[in-house]
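Student: For reference, the sequence and a predicted model appear below.
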Amino acid sequence: MKSKLFSNKIEPSCSYCSHGNLSKDNLMILCEKKGIVDPYFKCRAFCYSPLKRMPKKPNKLPTFDKSDFEL
């Protein structure tokens, strides 16, 4: 089986389905199959689209001063 971009076990969600598009208010999904749905809604027509998946924001790096690098 071919490995997917994030993992082989992807939880279905309309926010990254190829049939859904984000609405202008960025709160709901406009689905070609079901109409206006919640971003976490899922249906049998789910088709994964890795380009619609938004990565998590990276954690902030701590700030260091010169004394942190002294022995």
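Tutor: Arrived safely.
Student: Name the residues of the least confident helix or strand in the chain by mean pLDDT that come out as buried.
Tutor: Ranked by mean pLDDT, DSSP states H and E, the helix or strand of the chain with the weakest confidence is strand 20-22, at a mean of 88. Buried residues in strand 20-22, counted by 16 or more other CB atoms under 10 Å: G20. Placement of C-beta: from N, CA and C, glycine included.
Student: partner strands of that strand, parallel or antiparallel?
Tutor: Paired strands of strand 20-22, with direction, are strand 29-31 (antiparallel) (DSSP bridges).
Student: tell me the average confidence for the strand it pairs with?
Tutor: Averaged over strand 29-31, pLDDT sits at 90.
Student: got a list of contacts for it?
Tutor: Counting contacts by CB atoms under 8 Å, 6 or more residues apart in numbering, the residues outside strand 29-31 that touch it are 14-15, 17, 19-23, 36-39, 41, 43.
Student: counting contacts, what elements does the following helix or strand past that strand pack onto?
Tutor: Heading C-terminal from strand 29-31, the first helix or strand you meet, by DSSP states H and E, is strand 35-37. With contacts taken as 3 or more CB pairs under 8 Å, 6 or more residues apart in numbering; DSSP states H and E, strand 35-37 sits against strand 29-31.
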